[in-house]
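Student: A predicted structure for the sequence below; I have some questions about it.
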Amino acid sequence: MKAERNDHVSKDAELGLPAGILSEADIERLGRQRPDAFRTSFAEIGFCFSLLASMFIAEYFISGFGLIAPTLATELNIPEELQIWPASAFSLVAGAVLLPFARLADVWGSYRVFVCGLFWFAIWSLICGFSQTYIMLIICRSLQGLGPAAFLPSGVMLMGSTYRPGPRKNLVFSLYGALSPIGFFAGIFSGGITTQYLSWRWYFWIGAIVLFVVAPMALLAAPSETIKTEGATMDWWGVFTIVPGLLLVVFALTDSAHTEGGWRSPQIYLTFTFGTMFLIAAFYTQGWVSKSPLLPFDLFKVKSMVPLLFSCFFSFGVFGIYLLYSSFYIQYVRGVTGLLCVAWYVPMALGGIFVATVGGFTLHLLSGKVALFVASLGYLVCAVLLATIPSGNPSYWAYIFPAMLGATLGVDVTYGVANIFITTSLPKRRQGLAGAVINSVLFLGMSFWLGVADMAEASQKSNTNGTYKAAFWLATACAIMSLVIIAVFVKIGKAKSELTVDERAEKALQENK
């Protein structure tokens with residue numbers, strides 16, 4: 001009789017009946033089973049494939065660009081002071097418009113925004129390969145950035161609303177994070193192959209081909225009945241203050257190192273001043289003007305949310321510096337190009353697969369604080385090794401190999417734990433915001449600290465060591481800051497099976513009746 005009741009309770013839980021009747025066994029089982037949104041295992045596999053591939057291809061177009069940049073600069077006659085922009089425009093635009101696109105997912109539905117973002121990304125990736133001038137290339141890279149801004153937050157929204165807290169969700173989010181270093185390696189591989197044997201244009205066309213496979217898969221397999229957020233409207237006050245503010249501030253930081261006069265140049269200090277004014281206005285509108293703000297202040301009332309985001313801002317800065325300057329060091333200082341350069345990055349891809357697999361099966365057993373602390377140690381090891389690497393031809397196995405492992409440990413664990421914590425801590429109507437916040441911190445952290453690193457490197461041009469030590473020492477400082485914040489301020493428990501935020505609220509309401 002008891003067994004029959006438990007079965008009845010489980011069925012009720014699946015139908016969305018009151019959370020108060022759920023037993024611990026029900027909660028644990030629901031955290032492990034296939035979500036009801038997927039009728040078959042093949043449907044879930046198809047959705048996960050398109051979701052993981054979206055992270056893969058976003059990272060592909062960040063990493064490999066460093067390998068084709070020298071060829072591009074020569075063939076398209078890019079002036080030295082503008083050579084950073086084809087690389088920076090992509091992440092800058094993506095980071096600046098993530099919040100508006102997350103709200104668009106609330107208004108239109110995450111499925112539509114996810115699929116449209118993938119198709120948009122495919123089209124502009126294809127057009128990038130036909131660029132005839134550096135101006136066309138920079139414009140196309142900027143428009144490319146709108147694709148990830150659309151599908152990354154909506155993808156996290158789909159994951160967060162489809163999967164309950166528990167081991168199954170942990171595994172999917174861990175695999176999602178693992179596709180970052182794997183996509184990074186694929187970009188390096190494609191960049192090395194295309195510049196050595198084909199043309200830099202094929203770097204973009206290969207990515208476009210992948211996207212034209214992934215986008216139709218998402219169209220067919222993603223849960224299309226995703227419920228829109230009731231009453232959601234676009235916050236135009238937020239759009240017209242947050243977006244220009246972020247664009248102008250990061251532009252000033254990035255361009256200051258290459259503008260004659262630096263911060264004394266009117267185009268730099270005026271851009272930075274206006275950007276800061278826009279951000280101050282955004283703070284005011286989000287707190288006191290907008291009825292439905294893009295970045296509601298109650299988000300920061302979640303325990304450990306603020307220190308976690310600050311920690312991620314520093315740690316993703318480490319990863320951004322590592323992505324760009326490690327490839328510069330390997331190619332320009334060590335003279336490693338082509339397939340050998342690709343081989344040097346293999347540990348990052350293999351390490352990402354290993355960390356994701358282990359993390360997916362252990363995050364419900366391990367404290368989130370401990371996991372983040374270990375990830376920050378990985379970042380610190382990576383940065384210190386590259387900052388202290390001696391001149392000449394030091395051993396790959398003593399310095400670069402462990403740095404690769406440290407970087408993949410850092411980004412995989414940090415991204416996975418942060419996504420799981422944020423999506424689990426917010427109600428279903430805020431899942432789009434959850435996806436936007438963590439990806440905004442990712443892109444803006446990378447763009448901001450790359451701009452600072454560029455300034456640091458520009459100030460050291462007279463230094464003849466040629467090993468980009470200024471950038472790597474900055475990364476070391478960022479890793480230490482992240483480590484301290486996690487150790488002192490972040491308190492995140494195990495990612496175990498539990499009630500969702502909505503179910504906990506419903507249960508509390510029932511108990512108060």
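Tutor: That came in fine, so what should we check first?
Student: residues touching stretch 273-283, excluding its own?
Tutor: 238, 241-242, 244-252 (Cβ atoms under 8 Å, 6 or more residues apart in numbering). (Glycine included, C-beta is placed from N, CA and C.)
Student: ok, those vs residue 49, which is closest?
Tutor: Using Cβ to Cβ, residue 246 comes nearest to residue 49 of these, at 32.1 Å.
Student: could I get the pLDDT score of the closest one?
Tutor: For residue 246, the pLDDT comes out at 88.
Student: chain neighbours aside, what residue packs nearest to it?
Tutor: residue 96 (4.2 Å; Cβ to Cβ, 6 or more residues apart in numbering).
Student: just the element for that neighbour, please.
Tutor: Here residue 96 is covered by helix 85-108, with elements defined by DSSP states H and E.
Student: could you say what helices and strands the next helix or strand after that helix packs with?
Tutor: Heading C-terminal from helix 85-108, the first helix or strand you meet, by DSSP H and E, is helix 110-128. Secondary-structure packing of helix 110-128 (3 or more Cβ pairs under 8 Å, 6 or more residues apart in numbering; DSSP states H and E): helix 41-63, helix 85-108, helix 134-144, helix 146-162, helix 200-221.
Student: out of the ones you listed, which comes closest to residue 294?
Tutor: Among these, helix 85-108 sits nearest to residue 294 (Cβ to Cβ), with 4.4 Å.
Student: quick check: angle from that closest one to helix 110-128?
Tutor: 160 degrees (axes from the mean of the first three to the mean of the last three Cα atoms, to 10 degrees).
Student: and helix 85-108, average pLDDT?
Tutor: 85.
Student: alpha carbons only: can I get it in CSV?
Tutor: What follows is helix 85-108, C-alpha atoms only, in CSV (Å, rounded to 0.1, in the frame of the first residue of the first chain):
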residue,chain,number,x,y,z
TRP,A,85,39.3,45.1,-33.1
PRO,A,86,38.4,42.1,-35.3
ALA,A,87,39.1,39.9,-32.3
SER,A,88,37.5,42.2,-29.6
ALA,A,89,34.4,43.4,-31.5
PHE,A,90,32.9,39.9,-31.3
SER,A,91,33.0,39.5,-27.5
LEU,A,92,32.4,43.2,-26.8
VAL,A,93,29.1,43.2,-28.7
ALA,A,94,28.0,39.9,-27.3
GLY,A,95,28.6,40.9,-23.8
ALA,A,96,26.9,44.3,-24.1
VAL,A,97,23.6,43.0,-25.5
LEU,A,98,23.2,39.7,-23.6
LEU,A,99,20.7,41.3,-21.1
PRO,A,100,18.3,42.6,-23.7
PHE,A,101,18.4,39.3,-25.6
ALA,A,102,17.6,37.5,-22.3
ARG,A,103,14.5,39.7,-21.9
LEU,A,104,13.6,39.0,-25.5
ALA,A,105,13.7,35.3,-24.6
ASP,A,106,11.2,36.1,-21.8
VAL,A,107,8.9,37.9,-24.2
TRP,A,108,9.1,35.7,-27.2
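Student: now stretch 275-295: average pLDDT?
Tutor: 91.
Student: tell me how far the ends of it are from each other?
Tutor: 18 Å (Cα to Cα, to the nearest Å).
Student: for that stretch, list every residue counted as buried.
Tutor: 275, 278-279, 281-282, 285-286, 290, 293-295 (16 or more other Cβ atoms under 10 Å).
Student: got JSON lines for those, with secondary structure too?
Tutor: Shown next, in JSON lines, are those (DSSP: H, G, I helix; E, B strand; the rest coil):
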{"residue": "275", "secondary structure": "helix"}
{"residue": "278", "secondary structure": "helix"}
{"residue": "279", "secondary structure": "helix"}
{"residue": "281", "secondary structure": "helix"}
{"residue": "282", "secondary structure": "helix"}
{"residue": "285", "secondary structure": "helix"}
{"residue": "286", "secondary structure": "helix"}
{"residue": "290", "secondary structure": "coil"}
{"residue": "293", "secondary structure": "coil"}
{"residue": "294", "secondary structure": "coil"}
{"residue": "295", "secondary structure": "coil"}
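Student: distance to residue 310 added to those residues, as JSON lines?
Tutor: Listed next are the buried residues of stretch 275-295 as JSON lines, based on distance: Cβ to Cβ, whole Å:
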{"residue": "275", "distance to residue 310": "20"}
{"residue": "278", "distance to residue 310": "21"}
{"residue": "279", "distance to residue 310": "16"}
{"residue": "281", "distance to residue 310": "22"}
{"residue": "282", "distance to residue 310": "18"}
{"residue": "285", "distance to residue 310": "22"}
{"residue": "286", "distance to residue 310": "18"}
{"residue": "290", "distance to residue 310": "24"}
{"residue": "293", "distance to residue 310": "20"}
{"residue": "294", "distance to residue 310": "19"}
{"residue": "295", "distance to residue 310": "15"}
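Student: could you export the strand or helix carrying residue 245 as PDB, CA atoms only?
Tutor: Take DSSP H and E as the rule and residue 245 turns out to sit in helix 236-255. Provided in PDB are the C-alpha atoms of helix 236-255 (Å, rounded to 0.1, in the frame of the first residue of the first chain):
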ATOM      1  CA  TRP A 236      13.900  50.200 -23.000                       C
ATOM      2  CA  TRP A 237      15.400  52.400 -20.300                       C
ATOM      3  CA  GLY A 238      17.800  49.500 -19.600                       C
ATOM      4  CA  VAL A 239      18.500  48.900 -23.300                       C
ATOM      5  CA  PHE A 240      19.400  52.500 -24.000                       C
ATOM      6  CA  THR A 241      21.700  52.900 -20.900                       C
ATOM      7  CA  ILE A 242      23.300  49.600 -20.300                       C
ATOM      8  CA  VAL A 243      24.300  48.700 -23.900                       C
ATOM      9  CA  PRO A 244      25.900  52.000 -24.800                       C
ATOM     10  CA  GLY A 245      27.500  52.300 -21.400                       C
ATOM     11  CA  LEU A 246      29.200  48.900 -21.700                       C
ATOM     12  CA  LEU A 247      30.200  49.500 -25.300                       C
ATOM     13  CA  LEU A 248      31.800  52.900 -24.600                       C
ATOM     14  CA  VAL A 249      33.700  52.000 -21.500                       C
ATOM     15  CA  VAL A 250      35.200  48.800 -22.800                       C
ATOM     16  CA  PHE A 251      36.000  50.500 -26.100                       C
ATOM     17  CA  ALA A 252      37.900  53.200 -24.300                       C
ATOM     18  CA  LEU A 253      39.900  50.600 -22.300                       C
ATOM     19  CA  THR A 254      40.700  48.600 -25.400                       C
ATOM     20  CA  ASP A 255      41.600  51.400 -27.700                       C
END
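Student: next, the angle helix 85-108 makes with it.
Tutor: 170 degrees.
Student: for residue 271, see how far away residue 278 is.
Tutor: 11 Å (Cβ to Cβ, to the nearest Å).
Student: now list whatever residues contact both of those two.
Tutor: Shared contacts of residue 278 and residue 271 (Cβ under 8 Å, 6+ apart): residue 248.
Student: which of the contacts of stretch 273-283 lies closest to residue 469?
Tutor: Out of the contacts of stretch 273-283, the member with the shortest distance to residue 469 (by Cβ to Cβ) is residue 250, at 23.9 Å.
Student: neighbours around that closest one, how many?
Tutor: Residue 250: 24 surrounding residues under other Cβ atoms under 10 Å.
Student: quick check: can you list the domain ranges of this protein?
Tutor: Here the domain parsing of the chain from automatic domain parsing is 32-224+294-507, 236-293.
Student: now stretch 156-170: buried residues?
Tutor: For stretch 156-170, the neighbour count (16+ other Cβ under 10 Å) marks 156-170 as buried.
Student: do stretch 132-147 as well
Tutor: Those would be 134, 137-147, for stretch 132-147 by 16+ other Cβ under 10 Å.
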